[in-house]
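Participant: Kindly generate the corresponding structure for this input.
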Amino acid sequence: MIRNRIVCSIFTVMALTVIGGTAAGAEKPNMIFILADDLGYGDLGCYGQKVIQTPRLDQMAAEGMRFTQFYAGNTVCAPSRSVLMTGQHMGHTFVRGNANTDMSIQALRDEDVTVAEVLKTAGYTNGLVGKWGLGEVDNEGFPLQQGFDSFFGYLNQVHAHNYYPEFLWSGDQKLKLRNKVKRNDKSYGGFTGGYATKRIDYSHDLFVEQAADFINQQQATDDPFFLYLALTIPHANNEATRMMGNGAEVPDYGIYADRDWSDQDKGQAAMITRMDGDVGRILDQLRKLKIAENTLVFFSSDNGPHDEAGHNLDRFDPNGPLQGIKRALYEGGIRVPGIAWWPGTVPAGSTTDHIAYFGDWMATATELAGATPPGDLDSISFAPTLMAQPDRQKRHEFLYWEFYEQGSRQAVRFDQFKAIRQPMFTGEVELYDVDQDISESNNIAADHPEIVAKATKMMDDSHQPNPNWEIRGRAPKR
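Facilitator: The predicted structure is shown next:
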């Protein structure tokens, strides 16, 4: 696109003159962002999980840094990924929800600048493997028009529900798989989902193979690379849940096969443990290729845990000490695991309470690459935290979210406080001291009207109206 070429030229000039970022002569690190789908804050052993086994992610945390206050971009997938890609919070980013019918409002535009586009100006080769959800093959949101050099996976989020699909996208071409699918009766989110009656090709396994191939190919070149590995585990196949009662699709139950659990519970646990082993495989590959010390790997989840596979939430306690799950703006819906691994740079066995969120990946990645991000961002680099330079670490005045389903809601996190307003713009404001009350069980709004007023102003000022995302019959207070 013409606009992208102009922006890239501007960024190239800016990157050459940037003072901060990569030091002169320093090698630019490779970067891998691994994103799980609907993985809860408490789903990993290193975050308190007692039932599901995650030894490799626990090892990753032991060898790297564990964030205890890391937040997703939103509480459902598409808007959360929009925040991750653009570095803009929910009051500014273009994609603010999961669309029901008009998928154009869930697609990034040509004028939206992604982290992949900025890294490309710094000489990076960018690969996307897995679930995109921000544009189809025939519009401006298509990943090969948003800074990625290669793409393999799902474009549509409903298509991504099915772990045994009939096809995946390889670039702009459909790659036919050997599975056979029984379709749902109606389309949702621009796609008619279903479940496989013939299961051969498991999409997650294909993603891991493609990611490994991408790393091998890039290791043979002199260019740094950015791999966005957007896994679908442990998201449920919602259509399979509705049509046959079990949405936890996995080839086998592994170490949980003999447990006295429902198949849904076995499947949920097996999915997470399978993903855990594959993250370990990626880390092992980096060591084998002798590029681990020049590669930052960051692992997280796009939102809090789901209850959509038919499994028992009480068995696994996936949100740990937090209140709420996916679609809530309580901590359980948006506070997620954040693990950084970069041998020789990120201090091993470290833990940080630095408050960061998806939007900060833009500033972090571009600082490490020696590039310059676009203006008007809601993004602060957490590279100083990764490098154990706390005196250099800047902090957000606040973090902001908004959500348009279930009557709508807003939230803001600042200092030790968290405020939630339900519905947006007009509801009563709840206030919690999440440092002292991580489960948000004690609403202290009545005792602190001055703090509630401050939070209300933050929420009002953060929302920039978007005609695609409006609450019918309501308008923001000004």
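
Participant: contacts, neighbours, all on C-alpha from now
Facilitator: Fine.

Participant: right, and the helix or strand after the longest helix along the chain?
Facilitator: Ranked by number of residues, the top helix in the chain under DSSP state H is helix 263-288. Remark: after helix 263-288, the chain's next helix or strand is strand 295-301, criterion DSSP states H and E.

Participant: Check what contacts that following strand and list those residues.
Facilitator: Contacting residues not belonging to strand 295-301 are listed as 29-40, 72, 286, 336-342 [C-alpha atoms under 8 Å, 6 or more residues apart in numbering].

Participant: and this protein, what are its domains?
Facilitator: Under the assignment named as automatic domain parsing, the residue ranges that make up the domains of the chain are 2-396, 400-462.

Participant: Can you add distance to Trp469 and give these back as TSV?
Facilitator: Output for the domains of the chain, formatted as TSV (distance: least, C-alpha to C-alpha, whole Å):
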stretch	distance to Trp469
domain 2-396	7
domain 400-462	7
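
Participant: between those, which gets the lowest average pLDDT?
Facilitator: Mean pLDDT per stretch puts domain 2-396 lowest among the domains of the chain, at a mean of 94.

Participant: All the strands of the stretch 51-200 of the chain, in order from the start?
Facilitator: Counting by DSSP state E, counting those that start in this stretch, the stretch 51-200 of the chain forms strands over residues 65-67, 70-71, 125-131, 150-154, 167-170, 173-176, 180-183, 194-198, given from the N-terminal end onward.

Participant: okay, which residue is most central for this structure?
Facilitator: Asp302 (3.2 Å; C-alpha atoms, centre = their mean).

Participant: Next, the contact list for it, please.
Facilitator: The neighbourhood of Asp302, defined by C-alpha under 8 Å, 6+ apart, consists of 35-39, 72-77, 80-81, 336.

Participant: returning to that earlier point: so of the domains of the chain, which one's packed in deepest?
Facilitator: Highest mean neighbour count of the domains of the chain: domain 2-396, a mean of 21 (counted as mean count of other C-alpha atoms under 10 Å).

Participant: still on that earlier bit, ok, the residue nearest to the centre of the chain to His463 distance?
Facilitator: Remark: distance between Asp302 and His463 (C-alpha to C-alpha, to the nearest Å) = 21 Å.

Participant: got it, and Ser82?
Facilitator: With distances taken as C-alpha to C-alpha, Ser82 is found 16 Å from His463.

Participant: Repeat that for Asp317.
Facilitator: According to C-alpha to C-alpha, Asp317 and His463 sit 33 Å apart.

Participant: can you state the direction angle for the longest helix of the chain and strand 295-301?
Facilitator: Relative orientation of helix 263-288 versus strand 295-301 (axes from the mean of the first three to the mean of the last three C-alpha atoms, to 10 degrees): 170 degrees.

Participant: on contacts alone, who are the packing partners of helix 263-288?
Facilitator: The criterion is 3 or more C-alpha pairs under 8 Å, 6 or more residues apart in numbering; DSSP states H and E, and the helices and strands that helix 263-288 contacts are helix 55-63, helix 203-219.

Participant: In JSON lines: those helices, plus distance to Val118.
Facilitator: Supplementary listing: those in JSON lines, determined by distance: least, C-alpha to C-alpha, whole Å:
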{"stretch": "helix 55-63", "distance to Val118": "28"}
{"stretch": "helix 203-219", "distance to Val118": "18"}
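
Participant: and Gly324, which of these is closest to it?
Facilitator: For these, the distance to Gly324 is smallest for helix 55-63, at 23.5 Å, taking C-alpha to C-alpha.

Participant: contacts for that closest one?
Facilitator: When contacts are defined by C-alpha under 8 Å, 6+ apart, helix 55-63 is touched by residues 44-46, 276-277, 279-280, 339-341, 343, 347-350.

Participant: Surely Lys418 and Val412 touch.
Facilitator: Yes. With the criterion set as C-alpha atoms under 8 Å, Lys418 and Val412 qualify as a contacting pair; they are 5.8 Å apart.

Participant: give me phi/psi at Asp435?
Facilitator: When quoted as degrees, to the nearest 10, the phi and psi of Asp435 stand at phi -70, psi -40.

Participant: and the gap between it and Thr68?
Facilitator: Summarising the geometry, the distance separating Asp435 from Thr68, computed by C-alpha to C-alpha, is 11 Å.

Participant: My read is that Thr86 contacts Glu111, right?
Facilitator: No. Here Thr86 lies out of contact with Glu111, judged by C-alpha under 8 Å, at a distance of 10.7 Å.

Participant: need the contact list for the nearest residue to Gly324 once chain neighbours are set aside.
Facilitator: Distances taken as C-alpha to C-alpha, 6 or more residues apart in numbering place Gly332 nearest to Gly324, at 4.5 Å, with adjacent residues excluded. For Gly332, the set of contacting residues under the criterion of C-alpha under 8 Å, 6+ apart consists of 40-41, 304-305, 319, 322-326.

Participant: Make a markdown table out of those residues and add secondary structure and distance to Pro373.
Facilitator: Supplementary listing: the contacts of Gly332 in a markdown table, determined by DSSP: H, G, I helix; E, B strand; the rest coil; distance: C-alpha to C-alpha, whole Å:
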| residue | secondary structure | distance to Pro373 |
| --- | --- | --- |
| Gly40 | coil | 30 |
| Tyr41 | coil | 29 |
| Gly304 | coil | 28 |
| Pro305 | coil | 31 |
| Asn319 | coil | 33 |
| Leu322 | coil | 33 |
| Gln323 | coil | 35 |
| Gly324 | coil | 34 |
| Ile325 | coil | 32 |
| Lys326 | coil | 30 |
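
Participant: what's the closest of these to Asp265?
Facilitator: So of the contacts of Gly332, ranked by how close each gets to Asp265 (C-alpha to C-alpha), first place is Pro305, at 13.7 Å.
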